[in-house]
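>>> turn this into a structure:
(2 chains)
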Amino acid sequence: MGAEKRTASEKADFKRELTEVVPHLRAFARGLCGRADMADDLVQETLLKAWAAQERFQPGTSMRAWTFVILRNAYLTDMRRNRFRGEYDETVAERVLTAPAGQEEPIHLSDMHRALLTLPPERREALLLVGAGGFSYEEAANICGCAVGTIKSRVGRARAALNTMLSDGSIPKRSIDDETAHRAILEELDDVAAGQGVAARS
Amino acid sequence: MTAQAPSEKQPAPGRSKEATRKDQPEWANGLKRLYDSVVEEDIPDSFKDLLSQLDAKD
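Residues are numbered from 1 along each chain as shown, chains lettered A, B, ... in the order given. This is a model prediction of the structure:
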């Protein structure tokens, strides 16, 4: 297929870089799908796909960005097959994140996680990439296969929603697996999926 | 202000510091910590097994 075969040393480099991004893939996946076991399944799937597609990776470019594209596409596919329901992982530590002045209850890590999981997937991933993963808007737009302005607006909306939830303490207590919320998510997903694969092809 | 329907759990009135709308809300750092808390976890053995089997596959 045109692409020249990788040498043994190139393969070794690829594998080393792939190994190095595993913790980041796990963190991104955990943020996307909530449950640790499902997130790790997703990462395993991503690693296998990345290994199989290694000849499409341009050495010297960001392995993290490249594998994130694979992971998010795998996530979207699985989500459409109804495998994830935005379930909240009850095992997330009740660690205190911050105790805002004047607020009776401190904000816990688990509050943040729950609030994050109530966001529509495309806003959640945009916020994860920019606000947690440290990607620039441009890099995030590339990963999601959409315009920079779209990413900016998704991040802005996600931040506003989290602001409201966390400052009012109006975070849903439980998973969002009721049917209405789930349907809404799947509908939003159709829009997200429209951009699927654009970045992967570049 | 008028449409507020305080529920039973609403804190007492008169707390002076509502979450102020600024560039970096108090939780912004929390998002990063949520992510970093996973990054810092030990990699489960299943990943090491999978990675070590990759070469054998081709």
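>>> the domain parsing of chain A - what is it?
What automatic domain parsing lists as the domains of chain A is A:8-80, A:96-201.
>>> ends of the shortest one, how far apart?
The first and final residues of domain A:8-80 sit 37 Å from each other (C-alpha to C-alpha, to the nearest Å).
>>> how about stretch A:139-156?
Note: stretch A:139-156 ends 16 Å apart using C-alpha to C-alpha.
>>> related to what we said a few turns ago, can you redo the domains of chain A as a markdown table with distance to B:Gln53 and mean neighbour count?
Every residue, glycine included, has its C-beta placed from N, CA and C. Below are these laid out as a markdown table (distance: least, C-beta to C-beta, whole Å; neighbours: other C-beta atoms under 10 Å in any protein chain shown):
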| stretch | distance to B:Gln53 | mean neighbour count |
| --- | --- | --- |
| domain A:8-80 | 10 | 19 |
| domain A:96-201 | 25 | 18 |
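>>> least confident of these, on average?
Note on the domains of chain A: domain A:96-201 shows the lowest mean pLDDT, a mean of 75.
>>> ok so, going back, out of the domains of chain A, flag the one nearest B:Pro44.
Nearest to B:Pro44, of all these, is domain A:8-80, at 6.7 Å by C-beta to C-beta.
>>> does any bit of the closest one sit next to chain B?
Yes: using C-beta under 8 Å from any C-beta of the partner chain, a contact is recorded between domain A:8-80 and chain B, made by A:11, A:15, A:18-19, A:22-24, A:26-28, A:30-31, A:40, A:43-44, A:47-48, A:51.
>>> from these, which land in strands?
If you go by DSSP state E, the residues of domain A:8-80 next to chain B have nothing in strands.
>>> in chain B, which spans are helices?
B:28-39, B:45-57 (DSSP state H).
>>> which of those helices sits closest to chain A?
Chain A sits nearest to helix B:28-39 of all the helices of chain B, at 3.5 Å, using C-beta to the nearest C-beta.
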